[in-house]
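*Asks:* coordinates only, sequence not included:
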DNA sequence: CTGGGTCTTCCAATGATGGGAAGGTCAAGC
DNA sequence: GCTTGACCTTCCCATCATTGGAAGACCCAG
């Protein structure tokens, strides 16, 4: 199975498969004489695992932890559960944060006429500055476990 | 007022002020003979506006639109309101998406014993792959209007 | 044997931000 | 005046996950 087939089978683009290899998330596969990468069903399985975890907002770093646990027959399920629940917390915190942004903005928008007149409280609200809030409550960032979802127009290594 | 003072006054780091200048979000300021950038209270006002909008999850691109409206005395408040409400929608969609991830993950975690035994449905859930879902429902990405919140340890150009 | 699709590697860009080096400048204290 | 330290300048690099593209090698079917 070459990289294109593995990509189609797993839903991970060929580009990303090579990238995951380069960062050590997946082992370097065997090569054909011509240098083509060769993947097994097991490798594809692992790629599916990775894609699924990415879809759930796990960072690559986090996924590396999960894979280590996955490959370890003696791991305690408690470890996995802990990581998963930590991720749940990260996600929920993030969702709440974004909702707070939306609420603030909706509030501003509500007091705006929305007609032809140029006076608009939204702009004034933006201009006058916040209670110096939002920037301090988070020592977490998107990168720490959250990932932009796929663009949608990308499903594996689609040809053409 | 030099860039450091402007940074402290606006809450935008000196680095970012220069970056905003480089991408044309703010005009190139006057310079002293020595080449130092000089800012006015008005410039700081604009920077506060920008910071506030960033805190509300607007992308820089979006902010450029807002600034154009802000600077335009004849703009209709409807335009501003439209942009704001679009942003609200983006944020809420994103929040819902993240919540869905969290829910899925919480669901997986719930069926995990969390004890010393190595069998863990979370890993199996990840490995068996999703209903090929999540990747298609979004032609939007984080970049399109959503931004990681500040790291927290960064407030303007703090010295030391 | 040729053409089109596939593979390889490498390089670059994205967006917003931070880090740091190397060098010039300013203001205060001695 | 001179030193010191805080500030400024530009420039390059890193992040994170992902995509794009170029240039060249390869493989299979016709």
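*Replies:* In hand now; what should we look at? In this text the structure is predicted, and so the values were computed from the model without any measurement.
*Asks:* if I look at residue A:39, how far off is residue A:5?
*Replies:* According to Cβ to Cβ, to the nearest Å, residue A:39 stands 7 Å off from residue A:5. To be clear about C-beta, it is placed using only N, CA and C from the backbone, and glycine gets the same treatment.
*Asks:* likewise residue A:79?
*Replies:* 33 Å.
*Asks:* Which of the two has more residues huddled nearby?
*Replies:* residue A:79 (18 against 15; other Cβ atoms under 10 Å in any protein chain shown).
*Asks:* Tell me the spacing between the residue lying closest to the more buried one once chain neighbours are set aside and residue A:52.
*Replies:* Nearest-residue entry for residue A:79: residue A:69, 5.7 Å, with adjacent residues in sequence omitted and distances by Cβ to Cβ, 6 or more residues apart in numbering or on different chains. Using Cβ to Cβ, residue A:69 is found at 15 Å from residue A:52.
*Asks:* So if I had to pick from those two, which one is more boxed in?
*Replies:* It is residue A:52, of residue A:69 and residue A:52, that has more neighbours when counted by other Cβ under 10 Å, with 22 against 19.
*Asks:* Secondary structure element holding the more buried one?
*Replies:* Assigned by DSSP states H and E, residue A:52 belongs to helix A:41-55.
*Asks:* Please see if that helix touches chain B.
*Replies:* Yes - interface with chain B: helix A:41-55 contributes A:45, A:48, A:49, A:51, A:52, A:53, A:55 (Cβ under 8 Å from any Cβ of the partner chain).
*Asks:* try stretch A:84-102
*Replies:* Yes - applying Cβ under 8 Å from any Cβ, one finds stretch A:84-102 in contact with chain B at A:84-85, A:87-88, A:91-92, A:94-99, A:101-102.
*Asks:* Of those, which belong to helices?
*Replies:* A:84-85, A:87-88, A:91-92, A:94-99, A:101-102 (DSSP state H).
*Asks:* Tabulate the residues of helix A:41-55 next to chain B in a markdown table, adding columns for pLDDT.
*Replies:* Converted to a markdown table, the residues of helix A:41-55 next to chain B look like this (pLDDT from 0 to 100):
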| residue | pLDDT |
| --- | --- |
| A:45 | 91 |
| A:48 | 93 |
| A:49 | 91 |
| A:51 | 93 |
| A:52 | 89 |
| A:53 | 90 |
| A:55 | 87 |
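*Asks:* and those, which are buried?
*Replies:* Buried members of the residues of helix A:41-55 next to chain B, counted by 16 or more other Cβ atoms under 10 Å in any protein chain shown: A:45, A:48, A:49, A:51, A:52, A:53, A:55.
*Asks:* now those in a markdown table, with distance to residue A:17?
*Replies:* Below are these laid out as a markdown table (distance: Cβ to Cβ, whole Å):
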| residue | distance to residue A:17 |
| --- | --- |
| A:45 | 13 |
| A:48 | 12 |
| A:49 | 13 |
| A:51 | 10 |
| A:52 | 15 |
| A:53 | 15 |
| A:55 | 16 |
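*Asks:* those helices in chain A, which residues are they?
*Replies:* So, for chain A - with DSSP H - the helices run A:3-10, A:14-22, A:41-55, A:60-71, A:77-110, A:121-128.
*Asks:* possible to save those helices as JSON lines with distance to residue B:59?
*Replies:* Converted to JSON lines, the helices of chain A look like this (distance: least, Cβ to Cβ, whole Å):
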{"stretch": "helix A:3-10", "distance to residue B:59": "30"}
{"stretch": "helix A:14-22", "distance to residue B:59": "24"}
{"stretch": "helix A:41-55", "distance to residue B:59": "22"}
{"stretch": "helix A:60-71", "distance to residue B:59": "24"}
{"stretch": "helix A:77-110", "distance to residue B:59": "13"}
{"stretch": "helix A:121-128", "distance to residue B:59": "14"}
